[in-house]
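In: Show me the folded form of this:
(4 chains)
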There are 2 protein chains.
Amino acid sequence: MAYELFSRRGVRGVGVNELISRSGVAKASFFRHFASKDELVLAFLERRDQQWTVEAIVSEARRKGGTPEEQLLAIFDVFAEWFARDDFEACSFINILLEMGSEHPLGQASIDYLARIRGHVQQLAEEAGLQDTENFSRSWHILMKGSIISAAEGDLAAAGRARQLAGWLIDHHRA
Amino acid sequence: MAYELFSRRGVRGVGVNELISRSGVAKASFFRHFASKDELVLAFLERRDQQWTVEAIVSEARRKGGTPEEQLLAIFDVFAEWFARDDFEACSFINILLEMGSEHPLGQASIDYLARIRGHVQQLAEEAGLQDTENFSRSWHILMKGSIISAAEGDLAAAGRARQLAGWLIDHHRA
DNA sequence: GCTAAACGAGACAGGTTGGTCTGTCTGGGC
DNA sequence: GCCCAGACAGACCAACCTGTCTCGTTTAGC
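Out: Residues are numbered from 1 along each chain as shown, chains lettered A, B, ... in the order given. Next comes the predicted model:
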């Protein structure tokens, strides 16, 4: 409920009143559970990390690819399907980071979750036996984020473009 | 005045009251000039396109590079300097697109201005004699946007990483 | 069956939002 | 001298914001 709303309209675009009236919960009950709206957003981000990053992207990519290298590239195949969905709403971590700024606690939390995504990539790179996985994962992440923004602009082929660049990046990090 | 405020804090983060009290203009005068806040933002975006895209990035990159290919790569040298600034506030077009959504008029305008940026890249690619400049510029733009987000996260080396990927992209688009 | 915690509904507070409207003042054309 | 467009200052509006508080009612533990 709150999940979809925050995903689609951002943090500032959804008020607690709307959240409460839609969820059929009382305001007092809401604030008993979450000390503030920001804490709800924090819980949303955590769920997003689990549900989207881990389950929808990483696990799915691992399932799709045979070798670790293929699993890495499969990230962009998952992205391609994701970009094509009509309820595509970009990456909440990026959205909230840019919306709140890197100083804000929610921006900081978003940065942390983005770092976790990079961690997953680095893990896959390790498994693939690539070199310099720290820099590899950072470059890889640039492709992921860039393609997401391009998809938000309407470029449905963005995942394919990023995948091509990603292939060259793998080539240059092989032993 | 409004320019810096919108750049740093986003559209929803700055109210008209603050704009007006800071600029020493009367509220009525403000609304005589701009029919709504959105129109002010539209004017801001146009100025951003001129001042930032055209003058700060494209012209500067053209000045820096000798050959057209070097000029293309110089975009990321300009980015490197830009990312290092302590008042770095990411790309207003991306910020506003994600903040308002692609349906909103301001989101649409942001998409248009991003397309203009891609047009500049395509123009440079033409001058460099590269092949398939349409797809080239779209891939290139992924690198630009991805590195900007990474810089917003705090990765100061993002421009360098993107530049490396960009080099490979050029290699694959040469005749 | 009793107590106590949790519940939904919603009034309320204090502040901010985008936007309108009423004034008063000033500068230039005639 | 007179007039009027446009400037400023700021009151004002309805709607919304986050967060608190008061109600009654429901539920759970013992």
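
In: How many neighbouring residues does A:Ser139 have?
Out: By the criterion of other Cβ atoms under 10 Å in any protein chain shown, A:Ser139 has 26 neighbours. No exception for glycine: its C-beta is placed from N, CA and C like everyone else's.

In: Remind me which helix or strand the residue lying closest to A:Gln122 once chain neighbours are set aside belongs to.
Out: If you skip the residues right next to it in sequence, A:Gln122 has A:Ser137 as its closest partner in space, 3.9 Å away by Cβ to Cβ, 6 or more residues apart in numbering or on different chains. Assessed by DSSP states H and E, A:Ser137 sits inside helix A:133-153.

In: Remind me what that helix packs against, helices and strands.
Out: Using 3 or more Cβ pairs under 8 Å, 6 or more residues apart in numbering or on different chains; DSSP states H and E as the contact test, the elements touching helix A:133-153 are helix A:68-84, helix A:92-100, helix A:105-127, helix A:158-171, helix B:92-100, helix B:105-127, helix B:133-153, helix B:158-171.

In: Redo the ones you listed as JSON lines? Include mean pLDDT and distance to A:Ser21.
Out: Formatted as JSON lines, the entries for the helices and strands packed on helix A:133-153 read as follows, by pLDDT from 0 to 100; distance: least, Cβ to Cβ, whole Å:
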{"stretch": "helix A:68-84", "mean pLDDT": "98", "distance to A:Ser21": "30"}
{"stretch": "helix A:92-100", "mean pLDDT": "97", "distance to A:Ser21": "22"}
{"stretch": "helix A:105-127", "mean pLDDT": "98", "distance to A:Ser21": "23"}
{"stretch": "helix A:158-171", "mean pLDDT": "98", "distance to A:Ser21": "37"}
{"stretch": "helix B:92-100", "mean pLDDT": "97", "distance to A:Ser21": "24"}
{"stretch": "helix B:105-127", "mean pLDDT": "98", "distance to A:Ser21": "26"}
{"stretch": "helix B:133-153", "mean pLDDT": "98", "distance to A:Ser21": "34"}
{"stretch": "helix B:158-171", "mean pLDDT": "98", "distance to A:Ser21": "42"}
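
In: now these in TSV, with distance to A:Arg47?
Out: Output for the helices and strands packed on helix A:133-153, formatted as TSV (distance: least, Cβ to Cβ, whole Å):
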stretch	distance to A:Arg47
helix A:68-84	17
helix A:92-100	10
helix A:105-127	11
helix A:158-171	24
helix B:92-100	20
helix B:105-127	26
helix B:133-153	21
helix B:158-171	28
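
In: quick revisit: would you indicate which residues of the helix holding A:Ser137 are buried?
Out: A:133, A:135-153 (16 or more other Cβ atoms under 10 Å in any protein chain shown).

In: Nearest to A:Tyr3, out of the helices and strands packed on helix A:133-153?
Out: Checking the helices and strands packed on helix A:133-153 against A:Tyr3 by Cβ to Cβ gives helix A:92-100 as the closest, at 9.2 Å.
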